[in-house]
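Engineer: Provided below for reference: sequence and predicted model.
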Amino acid sequence: MKDFRDKVVVITGAGSGMGRDLAVKLGQLGAKLAISDLNPEGLAVTEKLVAETGAPVHAQLLNVAEREAVLEYADTVVAHYGTVNVIFNNAGIAHHGEIERTEFKDIERVMDVDYWGVVNGTKAFLPHIIASGDGHIVNTSSLFGLLSEPGQAAYNSAKFAVRGFTEALNQEMIVAKHPVKVTCVHPGGIKTAIARNATASGDHDQKKTADFFDRHLARMTSEDAADAIIAGVRKNRARVLVGADAKLLDLWVRIVASGYQGIVARVTGWALSKAS
């Protein structure tokens with residue numbers, strides 16, 4: 001997928017952040033866009049920005065956690081454009097809370113969107129992407145799909161699951177000799193609204209956590225993140241680490257192995273005390 005011109009590209013979670021910037025940048029590269037989101041206002045803004053690039057754009061409200069809706073959406077996009085070459089399964093949410101204080105429903109909600117949303121999108125579009133003869137599937141995991149963090153069990157679970165699912169899919173495409181490349185994306189701290197929009201358990205002060213994330217951890221703009229992802233897809237990389245933090249921490253975890261857990265626990269405890 002070195003050239004996106006005239007390729008049909010599907011992007012979920014396109015109403016803001018990396019999804020929006022991916023849509024605009026791919027529109028500038030000549031792609032035909034099918035964008036979706038659960039937020040009508042955000043989706044409308046992205047649709048307008050993509051249209052301004054001169055690229056064809058099909059926009060539709062979609063909850064990626066609703067499997068039947070995603071299956072119908074795939075049929076709608078194929079009926080509209082005739083084919084699909086690429087899907088960016090990008091939609092995601094976050095939740096902060098220790099396991100002992102987190103309700104089952106909160107974990108399920110994150111898994112439904114962040115993991116099952118990826119599975120739903122992949123399964124719905126995979127036959128069409130294979131049939132295109134020149135396809136690519138791009139699934140968004142996270143830095144938290146490489147290492148775990150206290151208070152992020154739901155998010156860690158979903159993002160580790162996305163990583164395992166995507167790596168298995170990549171190998172299956174190779175074994176089957178299908179004309180489909182697969183990329184797993186691991187963004188680090190990106191300046192998006194995901195931390196501010198996250199839910200929280202118990203008496204946890206989500207605003208303070210989000211402020212801390214925005215001030216100290218979100219180092220890369222979503223525009224730069226989109227550039228890095230597109231560059232990785234063009235190079236057919238199976239894994240794309242987005243941001244210096246993702247690259248450094250991935251290497252660090254490889255070196256120290258399970259020893260990272262005690263260090264992260266202590267650092268997180270210190271950071272939370274400073275934030276409060």
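Structural biologist: Now that the structure is in, tell me what you want to look at.
Engineer: Identify each of the strands in the chain and give its residue range.
Structural biologist: For the chain, the strands defined by DSSP state E cover 8-11, 32-37, 57-61, 86-89, 95-96, 135-140, 180-187, 190-191, 199-200, 220-221, 239-242.
Engineer: Paired strands for the last one, with orientation please.
Structural biologist: Sheet pairing here is set by DSSP bridges, and for strand 239-242 it gives strand 180-187 (parallel).
Engineer: Let me know the angle separating the strand it pairs with from strand 135-140.
Structural biologist: Per axes from the mean of the first three to the mean of the last three C-alpha atoms, to 10 degrees, the angle that strand 180-187 makes with strand 135-140 is 20 degrees.
Engineer: buried stuff in stretch 30-48?
Structural biologist: For stretch 30-48, the neighbour count (16 or more other C-beta atoms under 10 Å) marks 31-38, 42-43, 45-47 as buried. Backbone N, C-alpha and C define where each C-beta goes, glycine included.
Engineer: just checking, what packs against the longest helix anywhere in the chain?
Structural biologist: Looking across the chain with DSSP state H, the single longest helix is helix 153-176. The helices and strands touching helix 153-176, judged by 3 or more C-beta pairs under 8 Å, 6 or more residues apart in numbering; DSSP states H and E, are helix 104-110, helix 116-132, strand 135-140, strand 180-187.
Engineer: go with 6 Å
Structural biologist: Judged by 3 or more C-beta pairs under 6 Å, 6 or more residues apart in numbering; DSSP states H and E, helix 153-176 is in contact with helix 104-110, strand 180-187.
Engineer: Tell me which residues touch the closest residue to T199 other than its chain neighbours, please.
Structural biologist: The shortest distance from T199 to any non-neighbouring residue, by C-beta to C-beta, 6 or more residues apart in numbering, is to H95 (4.9 Å). Residues in contact with H95 (C-beta atoms under 6 Å, 6 or more residues apart in numbering) are 106, 110, 154, 198-199.
Engineer: one more time with 10 Å, if that's ok
Structural biologist: When contacts are counted by C-beta atoms under 10 Å, 6 or more residues apart in numbering, H95 touches 102-103, 106-107, 109-110, 114, 151-155, 158, 198-201, 204, 206.
Engineer: again with N236
Structural biologist: So, once contact is read as C-beta under 10 Å, 6+ apart, N236 ends up touching 1-2, 136, 181-183.
Engineer: among the helices and strands of this structure, which has the poorest mean pLDDT?
Structural biologist: Lowest on mean pLDDT, DSSP states H and E among the helices and strands of the chain sits helix 206-212, with a mean of 56.
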